[in-house]
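Trainee: What would the 3D arrangement of this be:
(one chain, ligands or ions: 1)
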Amino acid sequence: MKAREVVLVDGVRTAFGRAGEKGFFWQTRADDLVVKVIRELLRRNPEITPDMVEENFWGATTQEKDQGLTLGRTSAILAGLSEHCAGASVDRMCASGMTAVTTAASEIALGAFDIAIAGGVEHMGHHPMAATADPNPRFLVDRLVSEDALVMGKTAENLHDMFPEITKEMADEYAMLSQQRTAKADKDGKIVQMIVPMSVYTPEGWVVADRDQQPRPETTMEGLRDLKTPFRPMGKVTAGNSSGLNDGACGVLLMSREKAAELGVQPKMKVVAYTYAGVRPEVMGLGPIPATHKVLRLAGLSMNDIGLIELNEAFAVQCLAFMREFKLKMPDEPRLNPWGGAIAFGHPLASSGPRLMVHLMHEFAEDPKVKYGLTTMCVGLGQGGSVIWENLRNSDKKAAGKKRAARKKNK
Ligand SMILES: CC(C)(COP(=O)(O)OP(=O)(O)OC[C@H]1O[C@@H](n2cnc3c(N)ncnc32)[C@H](O)[C@@H]1OP(=O)(O)O)[C@@H](O)C(=O)NCCC(=O)NCCS
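Mentor: The predicted structure is shown next:
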């Protein structure tokens with residue numbers, strides 16, 4: 001059987017809130033964030049009626065309470081998709097949403113479905129990282145992993161040990177750049193287009209969550225220099241050069257390229273190749289390196305062919321290690337995270353993979369000359385995920401336009 005081409009037609013996310021009582025989603029359920037995203041995808045794409053969605057695949061790192069009960073199925077029912085729509089949930093920690101997208105893409109490629117919605121959600125306020133996990137004692141007793149492996153900030157400190165040439169000052173500079181790029185993108189109206197505003201009830205009453213709560217555009221090197229290092233005394237990893245603790249959801253609409261042509265919708269980008277790879281859990285931030293080498297090999301491309309890179313910023317040091325490996329300009333490679341990253345926006349774990357894809361989708365639109373883009377991220381307990389996408393902004397345009405015109409005429 002020949003694999004079919006799979007395209008991403010649209011993507012959208014909620015605003016990213018701060019986890020905890022001060023966050024605007026504190027009194028909002030995680031599954032309601034998912035429902036909002038699904039409904040918005042359908043609202044923005046009227047060619048796709050709810051009964052046409054055949055699969056609803058969602059990732060979450062913690063799969064219980066408001067993120068439990070097979071989120072893919074519960075959110076399909078809550079969002080008003082057809083009862084015939086299948087639903088599933090997946091956990092690959094931070095790459096859970098990325099895995100939902102790549103798995104749904106594989107299903108479409110094999111012909112199991114024509115149209116799917118996939119995404120990720122994490123309400124880190126309701127589900128603090130690993131709070132209810134019960135790791136097998138053998139991990140530590142048999143020294144399968146060190147204690148550091150279970151605390152992500154400690155794995156980032158380990159990376160600083162591994163690459164002493166990546167100094168704290170470099171990590172802070174990278175973090176400041178992320179904040180500056182995000183602030184500029186926000187000011188230029190790039191971010192608002194990706195966010196579906198949501199009315200939510202908070203201890204202060206009803207508010208509209210339509211802007212991310214985490215960014216700190218006022219960040220300076222002086223402000224970053226003396227922050228506490230919560231993961232190690234006299235360490236290098238701080239709240240300023242790490243991603244934060246956040247709540248949010250992000251999803252995308254996928255279909256076969258044939259289906260997009262049949263419906264006359266403009267596909268934005270095509271899956272070229274994807275893969276995941278493992279690394280030592282104690283240095284989990286290295287994950288994107290082997291995953292990216294592998295995905296480039298699978299696609300028959302080199303880093304020189306990649307015009308845009310969306311790298312999840314779990315920690316600045318881990319991004320710098322990636323840039324060092326691929327000989328990118330440190331710290332301000334223009335191809336990498338041109339609109340900033342998770343250090344500024346926040347990192348509601350499972351939603352970040354799709355968030356990278358939505359950024360890439362909009363960046364592709366602004367730069368149709370760029371042919372290939374990469375979305376990549378590190379994963380707790382030592383993995384990386386990488387997806388290569390092809391920009392379709394200019395290809396299938398005529399066909400989609402003709403189909404739309406025919407539809408209008410027939411109305
Ligand atoms: C690092 C971490 C522990 C910090 O948590 P926190 O203490 O709740 O963070 P806060 O936002 O309150 O920031 C702490 C302090 O740093 C300051 N700060 C944060 N970012 C700053 C910035 N860019 N510039 C200046 N100050 C900043 C805050 O103002 C705060 O100061 P205060 O203590 O005087 O109020 C938390 O964000 C974390 O665990 N991050 C990693 C998440 C993770 O592991 N994700 C998975 C990745 S694989």
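Trainee: Run a quick neighbour tally on Thr74.
Mentor: 20 (other CB atoms under 10 Å). Where you see a C-beta, it was placed from the backbone N, CA and C, and this is true even at glycine.
Trainee: err, Lys329, not the other one
Mentor: A total of 10 residues lie near Lys329 under the criterion other CB under 10 Å.
Trainee: cool, and Gln193?
Mentor: For Gln193, the count of nearby residues is 10 (other CB under 10 Å).
Trainee: hang on, it is in a strand, isn't it?
Mentor: No: remark: Gln193 does not belong to a strand; assigned using DSSP: H, G, I helix; E, B strand; the rest coil, it is helix.
Trainee: For the closest residue to it other than its chain neighbours, list the residues it contacts.
Mentor: Beyond its immediate neighbours in the sequence, the residue positioned closest to Gln193 (CB to CB, 6 or more residues apart in numbering) is His362, lying 6.6 Å away. By CB atoms under 8 Å, 6 or more residues apart in numbering, the contact list for His362 reads 190, 193-194.
Trainee: check contacts around the residue of the stretch 1-150 of the chain found nearest the ligand.
Mentor: Across the stretch 1-150 of the chain, no residue is closer to the ligand than Cys94, which sits at 5.1 Å (CB to the nearest ligand atom). For Cys94, the contact set (CB under 8 Å, 6+ apart) comprises 61, 312, 314, 347, 349-350, 352-353, 377-380.
Trainee: redo that, cut-off 7 Å
Mentor: 61, 314, 349-350, 352, 377-380 (CB atoms under 7 Å, 6 or more residues apart in numbering).
Trainee: Which positions in the stretch 1-150 of the chain make contact with the ligand?
Mentor: Residues of the stretch 1-150 of the chain lying near the ligand by CB under 6 Å from any ligand atom: Cys94.
Trainee: can you give me the strands in the stretch 1-150 of the chain?
Mentor: Shown for the stretch 1-150 of the chain, the strands assigned by DSSP state E, counting those that start in this stretch span residues 6-13, 17-18, 55-59, 86-90, 115-123.
Trainee: now the stretch 201-350 of the chain
Mentor: Shown for the stretch 201-350 of the chain, the strands assigned by DSSP E, counting those that start in this stretch span residues 205-209, 246-256, 269-278, 306-311.
Trainee: most neighbours per residue, which of the ones you listed?
Mentor: Mean neighbours per residue, mean count of other CB atoms under 10 Å, is largest over the strands of the stretch 201-350 of the chain for strand 246-256, with a mean of 30.
Trainee: For that one, enumerate the helices and strands it packs against.
Mentor: Based on contacts counted as 3 or more CB pairs under 7 Å, 6 or more residues apart in numbering; DSSP states H and E, the elements that strand 246-256 packs against are strand 6-13, strand 17-18, helix 30-44, helix 96-109, strand 115-123, helix 352-366.
Trainee: can we see that at 6 Å?
Mentor: In terms of contact count using 3 or more CB pairs under 6 Å, 6 or more residues apart in numbering; DSSP states H and E, strand 246-256 is assigned the packing partners strand 6-13, helix 30-44, helix 96-109, strand 115-123, helix 352-366.
Trainee: Quick one: the contacts of His362 as a markdown table, columns for distance to Ala105 and pLDDT too.
Mentor: A markdown table is the format used below for the contacts of His362 (distance: CB to CB, whole Å; pLDDT from 0 to 100):
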| residue | distance to Ala105 | pLDDT |
| --- | --- | --- |
| Lys190 | 25 | 98 |
| Gln193 | 23 | 97 |
| Met194 | 20 | 98 |
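Trainee: Relative to Thr70, which of the residues you listed is nearest.
Mentor: The shortest distance between Thr70 and any of the contacts of His362, using CB to CB, involves Met194 and amounts to 26.8 Å.
Trainee: what's the neighbour count on the closest one?
Mentor: Counted by other CB under 10 Å, the residues lying close to Met194 total 19.
Trainee: Excluding residues flanking it in the chain, which one is nearest it?
Mentor: The spatial neighbour of Met194 that comes closest, neighbours along the chain excluded (CB to CB, 6+ apart), is Val358 at 5.2 Å.
Trainee: Distance check, that neighbour against the ligand.
Mentor: When distances are taken as CB to the nearest ligand atom, to the nearest Å, Val358 and the ligand turn out to be 19 Å apart.
Trainee: again with Ala249
Mentor: Applying CB to the nearest ligand atom, the value for Ala249 to the ligand is 17 Å.
Trainee: That residue bridge partners, please.
Mentor: Ala249 forms beta bridges with Val121, as assigned by DSSP bridges.
Trainee: so it touches Ala15, yeah?
Mentor: No: checked against CB atoms under 6 Å, the pair Ala249 and Ala15 is beyond contact range at 10.0 Å.
Trainee: Skip the chain neighbours and tell me the closest residue to Val272.
Mentor: Closest residue to Val272 in three dimensions, ignoring its sequence neighbours and counting by CB to CB, 6+ apart: Ile388, at 4.2 Å.
Trainee: thinking again about what came up before, and the strands of the stretch 201-350 of the chain as TSV, adding distance to Thr132 and mean pLDDT?
Mentor: As requested, these are exported to TSV (distance: least, CB to CB, whole Å; pLDDT from 0 to 100):
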stretch	distance to Thr132	mean pLDDT
strand 205-209	26	97
strand 246-256	17	99
strand 269-278	24	98
strand 306-311	30	98
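Trainee: any chance of the ones you listed in JSON lines, plus distance to Thr220?
Mentor: Converted to JSON lines, the strands of the stretch 201-350 of the chain look like this (distance: least, CB to CB, whole Å):
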{"stretch": "strand 205-209", "distance to Thr220": "27"}
{"stretch": "strand 246-256", "distance to Thr220": "23"}
{"stretch": "strand 269-278", "distance to Thr220": "36"}
{"stretch": "strand 306-311", "distance to Thr220": "23"}
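Trainee: Tell me which of those lies nearest to Pro46.
Mentor: Of these, the one closest to Pro46 (CB to CB) turns out to be strand 246-256, at 12.0 Å.
Trainee: what mean pLDDT does the host helix or strand of Lys403 have?
Mentor: Following DSSP states H and E, the helix or strand that holds Lys403 is helix 397-410. For helix 397-410, mean pLDDT is 67.
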